[in-house]
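**Student:** starting from these lines, generate the structure:
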Amino acid sequence: MTELSLRTRESFDAVMRKYADMVYRLAYSRTGSTYDADDILQEVFLRYIKADKTYSDEEHRKSWLIRVTINCTRSFASSAWNRHKDYEEPDPNAGAEDPALKAAETKSDVMNALLELPEKYRTVIYLFYYEDMSITEIARSAGISESNVKTRLSRGRDMLKEMLKGVEFDV
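**Tutor:** The predicted structure follows:
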C-alpha cells in the first residue's frame, strides 16, 4: 500500500474517494436535500483544493473537512438563494439512485427521525453515531465545548426516543 502525502495536491483523488461519502452524508443530514448536499460537497472540496494545506495526520484532515462542511451548510442556509427559493414537499423517491443515500435509507425510520431533529442535535448525533467520532473530536470539529456536545447528544437521543416510540426494529 502506498503512503499518501498529507499535502493537498498530492493526494486529492485518494482524499476524495475516502471522504466524499462522509462529507455528502453530513451535508445531507444538515440540509435534508440531495441537491443541496451535492452543491455543498463540491464547495467543500473546492475549498480543500484552494486551501493547499499540510495536515499533521489523517484525523486533522478529517476534522478540517467536517468543520468546512458544517461552515458551508451554515453559509448555505443563510444565503439569499436559499432564503428566497420556493420549498416544495420533498419527493420521497428523490436521490433513490444515489448509493450513499440508499445505504442510509436502510435505516430509514431512524434517518427520517434524525432529519426532523433541530440542526444542532442532528449534527452531533450524526457525527457520534454515523462517523464514530469521540465527544472531543466533535467538539473540536463543531467549534463547541465538550459539555455542549454531551448536552446535545443527550437531548437529541431523548427527542429521537420520543419520535421512534412504537417503531419496531429488526435486530
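
**Student:** can you tell me the closest non-neighbouring residue to the spatially most central residue of the chain?
**Tutor:** When C-alpha atoms, centre = their mean is applied to the chain, the residue found nearest the centroid is residue 26 (1.0 Å). Leaving out its chain neighbours, the residue that sits closest to residue 26 by C-beta to C-beta, 6 or more residues apart in numbering is residue 69, at 5.0 Å. For glycine as for every other residue, the C-beta is placed from the backbone atoms N, C-alpha and C.

**Student:** may I see the buried residues of whichever strand or helix holds that neighbour?
**Tutor:** In this assignment (DSSP states H and E), residue 69 forms part of helix 58-78. Going by neighbour count (16 or more other C-beta atoms under 10 Å), the buried part of helix 58-78 is 61-66, 68-70, 72-73, 76.

**Student:** just put the residues you listed in a markdown table and tack on pLDDT.
**Tutor:** Formatted as a markdown table, those follow (pLDDT from 0 to 100):
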| residue | pLDDT |
| --- | --- |
| 61 | 87 |
| 62 | 87 |
| 63 | 85 |
| 64 | 89 |
| 65 | 90 |
| 66 | 88 |
| 68 | 91 |
| 69 | 90 |
| 70 | 87 |
| 72 | 89 |
| 73 | 88 |
| 76 | 82 |
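
**Student:** rewinding a little: contacting residues for the residue nearest to the centre of the chain?
**Tutor:** For residue 26, the contacting residues are 66, 69-70, 73, 123, 126-127, 131, by C-beta atoms under 8 Å, 6 or more residues apart in numbering.
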